[in-house]
Structure formats: structure tokens, C-alpha cells
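**Student:** Pasting the sequence and the predicted coordinates here, then a few questions.
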Amino acid sequence: MLQKRKELKKCLKSLDELQKELSKRKTQKKLLCYMDKLNQLKSEVDKREGPRDGRFPIGESLKLPHLIKCPQYTIRFADLDNCGRELVEDALNARCNAYAPYSNFKVGAAFRTNCGRVFTGCNVENVAFTPGCCAERTALVKGISEGFKCYNAGAVVAFHESGYSTPCGVCRQFIQEFAKSDIPIYVAQAPELSTKLPAFDDDDEVLVTSIYNLLPHSFTTFTDKKG
């Protein structure tokens, strides 16, 4: 009988310890729940009060379009997809026809329509400078004049010893006019060779950017583009 009482006492003690542990766990769970709510409230208060320096991230602005951008990266010419490789090569070939007697800075461009047709262009200078036309706009105007107003990719090729030559500001605005969404822009450094048929090496680096990355805040009337 004494042995049973000892066992009962031991069981009651174990039960009491389990109840305390359970109570402790419940208390801890409640505490975590309260801490989570407190953090949520703090986040909401901080959002309403704004940053102390008065600067808000532009991603929170309701007056700016938050566009989905294509990724940016560099890649070996040999590793380009077929679309990028074809456009870069077409732009390089178009560069051969550049008329740049005043700057000697030759540029070639190529743009692919939504139906797959490619239009190329080169820069055309003028002694009065302002009447000249950039390669990007030359290519696009050729396509637009034939009824093609939607493009899904483009390429620009020029030679500058310091690196890539991306489209100028005017051309960026012009390209975006005819891009219904973000489109990749392949930018390559032209090989400066004396041969009539220049070509890229497999290891030549190509910049893959996009029109939204090049011009994140373009001029717009906030009306839907048509046609």
C-alpha cells in the first residue's frame, strides 16, 4: 500500500510538472502572438508617419507607373539566344553603311517586329548637325513607314573604346513609343576591323538591357497607345 502511495505521489508530481510546462508553452505562444501584432502595428504606424527624412521609396508612389522590367545582364556573344544574336549581327552589318563624316562615330541598329520581321538602320549625319538621324530611329522609321508599329526587341552596335554605347535620350523615348511592354535591347561593342565583313568573336561581351531600364520614367500622357 505504501508503495502505491509513493507511485501515486510520483505520478501527481509528474502531472504537475507537465501542467506547468504546458502553461509555459501557452504563455510563450501568446507572447509570440502579441509580439507579432505589435510589430504589425509598429510597421503600420511607421508607414503612416513616413520616414524621418521625409523621403519615400518611389515604389510606394501612386503617381508613378510601376512597370515590370526585363532583367539586365552581360553575356558572351556565343551564349546569346538566336533572337539576340541575329539582331546584333544585323545591327553590325547596318553600321557598315553609316554616314558619319563629321564625327566618324558609326552606329548600327536593328529592331524586330512582333511578327518577326527585322528592320535595320545606321546613323546619318549632316553638316548642320541637327538634321542628322540616329541609327535607332532610322531603323524604326523604316519599319513604321511600312506599317509596323509594334516591336519586341532591338540591338545597337557602335565602337567606343571605353565600353558600350547605349541609345541617346531622344532614341530611348522614341523606342518606348513603339514598345507595348518592356523589350530587351542588346548593346554590343563593334569590332574595329579594316575588313569589309566585320564579325563578333564568341567571347565578345554583350550587354542585355531593356527600354524600361534605359528610360524608367519616360514622358507620357497616360493614355493607352493605339495602333
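**Tutor:** Yep, it's here.
**Student:** Where does the nearest residue to Tyr151 once chain neighbours are set aside sit: helix, strand or coil?
**Tutor:** Among residues not flanking Tyr151 along the chain, Phe111 sits closest, at 4.8 Å (CB to CB, 6 or more residues apart in numbering). The way it works is simple: take the backbone N, C-alpha and C, and place the C-beta from them, glycine included. Going by DSSP: H, G, I helix; E, B strand; the rest coil, the secondary structure assigned to Phe111 is strand.
**Student:** so where's the protein uncertain?
**Tutor:** Applying pLDDT under 70 to the chain picks out residues 1-2, 4-5, 8-9, 12, 47-52, 193-197, 221-227.
**Student:** one more time with 80
**Tutor:** 1-32, 34, 38, 42-57, 59-60, 64-66, 192-198, 220-227 (pLDDT under 80).
**Student:** Going along the chain, name the helices of it.
**Tutor:** In the chain, the helices defined using DSSP state H lie at 2-49, 82-95, 135-145, 169-177, 211-214.
**Student:** I'd like the ones you listed written out as CSV, with mean neighbour count and distance to Lys63 added.
**Tutor:** As requested, those are exported to CSV (neighbours: other CB atoms under 10 Å; distance: least, CB to CB, whole Å):
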stretch, mean neighbour count, distance to Lys63
helix 2-49, 10, 17
helix 82-95, 21, 35
helix 135-145, 20, 29
helix 169-177, 17, 19
helix 211-214, 21, 17
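**Student:** In JSON lines, list those along with distance to Gly59.
**Tutor:** What follows is the helices of the chain, written out as JSON lines (distance: least, CB to CB, whole Å):
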{"stretch": "helix 2-49", "distance to Gly59": "13"}
{"stretch": "helix 82-95", "distance to Gly59": "29"}
{"stretch": "helix 135-145", "distance to Gly59": "29"}
{"stretch": "helix 169-177", "distance to Gly59": "20"}
{"stretch": "helix 211-214", "distance to Gly59": "14"}
